[in-house]
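> Pasting the sequence and the predicted model now:
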Amino acid sequence: DVKVTQSSRYLVKRTGEKVFLECVQDMDHENMFWYRQDPGLGLRLIYFSYDVKMKEKGDIPEGYSVSREKKERFSLILESASTNQTSMYLCAIQTSALLDEQFFGPGTRLTVL
Amino acid sequence: GQQVMQIPQYQHVQEGEDFTTYCNSSTTLSNIQWYKQRPGGHPVFLIQLVKSGEVKKQKRLTFQFGEAKKNSSLHITATQTTDVGTYFCAGFNAGGTSYGKLTFGQGTILTVHP
């Protein structure tokens, strides 16, 4: 079974704090993704990576950055958290095959006060 | 950019009734995937459709991909309480510049009353 773990299930931070969300996979998958999920808006892609040190912007990258130094780990960084970044953050992985499904982690519910 | 619209946003049914959710893309898709998210859980892959006009079945679930590869539907026959959750479609356009990027619909939240 594919296993995707995220560093925290729940996180509470204050406005202006730097926030790190980590995603770790136990398979050798190339593609990793960060989404945020908000009611009525579905899943929106923030960033994704298709190899170590490679990254590409998704649909809503503003206010976020990412880091992928090792293949199994993909980090999402909020440089200066704001209240409008309160959301559920989901990490997903995918094999390198173009048409493969994505496997999601359990999610991190981030609240920014 | 590519947009995928999904309706309805909510659907409440009595157990035993049928349910359908619809997806429409602003662009032609290479494939479409469907995911289910149980309350408090994360999205889980259900199926992928690739061919124009394709129809696939999984027990009580029927998935269709339109002839023009711009729309899709998920139909559940005789819903059960285990069907509750949010159903998402996600489209992939190989003509775009981003590799492996899915665009998700807004999701349909299904509630089943026993």
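On my side now, so go ahead. Residues are numbered from 1 along each chain as shown, chains lettered A, B, ... in the order given.

> OK, contacts around residue 60?
You didn't pick a chain, so chain A it is. Residues near A:I60 by Cβ atoms under 8 Å, 6 or more residues apart in numbering or on different chains: A:36, A:44-46. The C-beta positions use only the backbone N, C-alpha and C, and glycine is treated the same way.

> could you do chain B instead?
B:76-80.

> which of those residues come close to chain A?
When Cβ under 8 Å from any Cβ of the partner chain is taken as the criterion, no member of the contacts of B:R60 contacts chain A.

> re the thing from before, ok, of the contacts of A:I60, which one's closest to chain B?
Distance to chain B, by Cβ to the nearest Cβ, is smallest for A:L45 among these, at 6.4 Å.

> Show me what the longest strand anywhere in chain A is packed up against.
Within chain A, and with DSSP state E defining each element, the longest strand by residue count is strand A:42-51. In this structure, strand A:42-51 makes packing contacts with strand A:31-38, strand A:54-57, strand A:65-70, strand A:73-78, strand B:85-92, strand B:102-104, judged by 3 or more Cβ pairs under 8 Å, 6 or more residues apart in numbering or on different chains; DSSP states H and E.

> hang on, the earlier thing: among the contacts of A:I60, which two are most distant?
A:R36 and A:L45 (8.7 Å; Cβ to Cβ).

> Which one of the contacts of A:I60 is nearest to B:G107?
Using Cβ to Cβ, these come closest to B:G107 at A:R44, 11.5 Å.

> need the contact list for that closest one.
A:35-38, A:58-60, B:104.

> Tell me the pLDDT of the closest residue to A:K3 other than its chain neighbours.
Counting by Cβ to Cβ, 6 or more residues apart in numbering or on different chains, the nearest residue to A:K3 once its immediate chain neighbours are dropped is A:D26, at 4.5 Å. We note a pLDDT of 87 for A:D26 in this prediction.

> How about the one 3 residues further on?
According to the predicted model, the pLDDT of A:H29 comes to 79.

> Tell me the secondary structure at it.
coil (DSSP: H, G, I helix; E, B strand; the rest coil).

> tell me which parts of chain A are close to chain B?
Residues of chain A lying near chain B (Cβ under 8 Å from any Cβ): A:31, A:35, A:40-45, A:48, A:50, A:56, A:58-59, A:90, A:94, A:98-99, A:101-107.

> which of those residues count as buried?
The neighbour-count criterion (16 or more other Cβ atoms under 10 Å in any protein chain shown) marks A:31, A:35, A:42-45, A:48, A:50, A:56, A:58-59, A:90, A:94, A:101-105, A:107 among these as buried.

> How many neighbouring residues does A:S7 have?
15 (other Cβ atoms under 10 Å in any protein chain shown).

> in the chain, which segments are predicted with low confidence?
With no chain named, the answer covers chain A. For chain A, the stretches flagged by pLDDT under 70 are A:96-99.

> try chain B instead
Residues of chain B that meet the cut-off, pLDDT under 70, sit at B:94-100.
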